[in-house]
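Novice: Have a look at this fold, sequence not included:
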């Protein structure tokens, strides 16, 4: 019975890694679309759809582990944490889709080249990757690094906001550029939220290891 349970726990880890990789892809495709490196919006939507399916598959697996097996306390924390984590990953997919959708309205004006949006995208991908890695490796140090790194993403959001204010304050500007600035602020906010979701994942990893859930 325990061997079967361990096999399913390993399957859970594998599925979480796959879901995390899809999240990374969705953010990367959305970022590349935003930077004008090709219209990859359809790839973002495809990844988001696959993320949604993964959420359902992992939820089903977790339910089987809880109902058909007899998990001890640490196992129970691991499974319950996974259920919380997939909810955050699903939201990451949604926000990547939102970024891709907004990108279609601002392509061609090169406003992103004047902002630290690329840095935000790279930082959030790193956070998502490391948060999933910390769960699979049961590594508290990596989880806490992710939690601390959220301050970097928050700082980048503040910087992008200041950069947009600077652009808007330069004087005469047509409506298209003004709307693009508002759209870019929304994009920056979505990246900031992705960082928050990665932080949530890391906090649930900490709970799965220590039994204590401390929200940042």
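Specialist: Alright, I've got the coordinates. The structure presented is a predicted model; accordingly, all values stated were derived computationally and were not measured.
Novice: mind checking which helix or strand the residue lying closest to residue 136 once chain neighbours are set aside is in?
Specialist: Sequence neighbours aside, residue 13 is the residue nearest to residue 136 in space, at 5.1 Å (criterion: C-beta to C-beta, 6 or more residues apart in numbering). The way it works is simple: take the backbone N, C-alpha and C, and place the C-beta from them, glycine included. With elements taken from DSSP states H and E, the one containing residue 13 is helix 2-34.
Novice: go on, residue 148?
Specialist: Assessed by DSSP H and E, residue 148 sits inside helix 140-168.
Novice: Could you list the buried residues of that helix?
Specialist: 142-147, 149-150, 152-153, 156-157, 160-161, 163-164, 167 (16 or more other C-beta atoms under 10 Å).
Novice: just stretch 38-55 next, same as before
Specialist: Those would be 40-41, 43-45, 47-48, 50-51, 54-55, for stretch 38-55 by 16+ other C-beta under 10 Å.
Novice: Tell me the one of those residues nearest residue 6?
Specialist: Nearest to residue 6 among these is residue 54, at 21.5 Å by C-beta to C-beta.
Novice: ok now do the spatially closest residue to that closest one that is not a sequence neighbour, which residues does it touch?
Specialist: Spatial nearest neighbour of residue 54, excluding adjacent residues (C-beta to C-beta, 6+ apart): residue 19 at 4.1 Å. By C-beta atoms under 8 Å, 6 or more residues apart in numbering, the residues touching residue 19 are 51, 54-55, 58, 86, 89, 132.
Novice: Which two among those are spaced furthest apart?
Specialist: 55 and 132 (13.9 Å).
Novice: May I have the phi/psi pair for residue 37?
Specialist: Torsion angles at residue 37 (phi, psi; degrees, to the nearest 10) stand at phi -90, psi 30.
Novice: Can you give me the neighbour number for it?
Specialist: By the measure other C-beta atoms under 10 Å, the count of residues near residue 37 is 10.
Novice: how far away is it from residue 29?
Specialist: In this view, residue 37 and residue 29 are 10 Å apart by C-beta to C-beta, to the nearest Å.
Novice: got it, and residue 119?
Specialist: Remark: distance between residue 119 and residue 29 (C-beta to C-beta) = 18 Å.
Novice: of the two, who's got more company?
Specialist: Ranked by neighbour count (other C-beta under 10 Å), residue 119 and residue 29 place residue 29 first, with 26 against 16.
Novice: got a list of what the more buried one touches?
Specialist: For residue 29, the contacting residues are 40-41, 43-44, 47, 96, 100, by C-beta under 8 Å, 6+ apart.
Novice: repeat for residue 77
Specialist: Counting by C-beta under 8 Å, 6+ apart, residue 77 makes contact with 207-209, 211.
Novice: Mind doing that once more with 10 Å?
Specialist: Neighbour list for residue 77: 71, 204, 207-211, 213 [criterion: C-beta atoms under 10 Å, 6 or more residues apart in numbering].
Novice: between those, which is nearest residue 184?
Specialist: Nearest to residue 184 among the contacts of residue 77, counting by C-beta to C-beta, is residue 204 at 31.0 Å.
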